[in-house]
Structure formats: structure tokens, C-alpha cells
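Engineer: Here is a sequence with its predicted model. Questions after.
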Amino acid sequence: MTIAHFKIYCEIASSPHVLSRALKVSLIVGTLLNLINQGDLLLSLELEKLHLIKISLTYLVPFCVATYTATALNLDFKIGSKAVLKADLECKKCKYKIHIHKDALIPECPHCGIQTKWRLK
């Protein structure tokens, strides 16, 4: 992985729509998991027995998974979808190269047609 690719990954992962969705997933899933794992302590108000590290990790893990998943999906560059950022792409099969701009529709490769699979160049 190059520095340019890492910057693109970070740009997508830190975008407002990715962070917003990851936060929502984290709050819902983390709360449910905390209720499952430590619900008895919460309901009995035995707060001194709660494990704050476990509570924190129970929110952090779904946040990281949701962020990773959204970033990976945004890097998929499927034909007909909108590009989430400007990038140089290369066809995985024939190595044809294009440059796309943010919000532009991702085209088919002129050589591979609907079988096109793009990757970051």
C-alpha cells in the first residue's frame, strides 16, 4: 500500500457520512451488547462492579467494524455508482487506466465492459 492509498483510505474513513453511520451503529449495537453482557449489574445498580474497559470496548468494536466496512464498500468503485472522491483507477483485468472526479459516475472499462473491476492505481 502506498502513502497515496493510505491517504485515500483515511479520507473516506474520516468522512462525515462514514463517521455518522459508524457512530449510530456503535451506539445501537454497543448498547445492546452491554445490556446482554452487563445488564444484570446495570439493572441491580451495582455500578461499582461494572467493567468500564469492557463497556468502552463494547462500543469501540462496532464503531471500528462499521468504519472499516463503509470504507471498504466506498473503495469498491462499482460501475454506475458515484465516486466518493477523485481517484486514479485501473481495470484489474486489462490494466486500462482512468481518472475520475468526486461524484462522477464510474464508467465501464472500454475493453472489459460490464465485467469491469476497478482498483486504485
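Structural biologist: Arrived safely, thanks for sending.

Engineer: Give the buried residues for stretch 97-117.
Structural biologist: Burial within stretch 97-117, assessed by neighbour count using 16 or more other CB atoms under 10 Å, is assigned to 98, 100, 106, 109, 112, 116. In this view, the C-beta of every residue, glycine as well, is placed from N, C-alpha and C.

Engineer: And that stretch, end to end?
Structural biologist: 12 Å (CA to CA, to the nearest Å).

Engineer: Residues touching that stretch, excluding its own?
Structural biologist: 77-94, 96, 118, 121 (CB atoms under 8 Å, 6 or more residues apart in numbering).

Engineer: ditto for stretch 14-28
Structural biologist: By CB under 8 Å, 6+ apart, the list of residues contacting stretch 14-28 reads 12-13, 59-60, 62-67, 70-71, 74, 84.

Engineer: Quick check: buried residues in that stretch?
Structural biologist: For stretch 14-28, by 16+ other CB under 10 Å, it's 15, 18, 22, 25-26.

Engineer: a markdown table for those, including secondary structure and distance to Leu33?
Structural biologist: Formatted as a markdown table, those follow (DSSP: H, G, I helix; E, B strand; the rest coil; distance: CB to CB, whole Å):
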| residue | secondary structure | distance to Leu33 |
| --- | --- | --- |
| Ser15 | coil | 26 |
| Val18 | helix | 21 |
| Ala22 | helix | 15 |
| Val25 | helix | 12 |
| Ser26 | helix | 10 |
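
Engineer: all helices for the chain, in order.
Structural biologist: 3-13, 16-43, 52-74 (DSSP state H).

Engineer: got those as CSV, with mean pLDDT columns?
Structural biologist: Shown next, in CSV, are the helices of the chain (pLDDT from 0 to 100):
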stretch, mean pLDDT
helix 3-13, 88
helix 16-43, 90
helix 52-74, 93
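
Engineer: That concludes my questions; thank you for your assistance.
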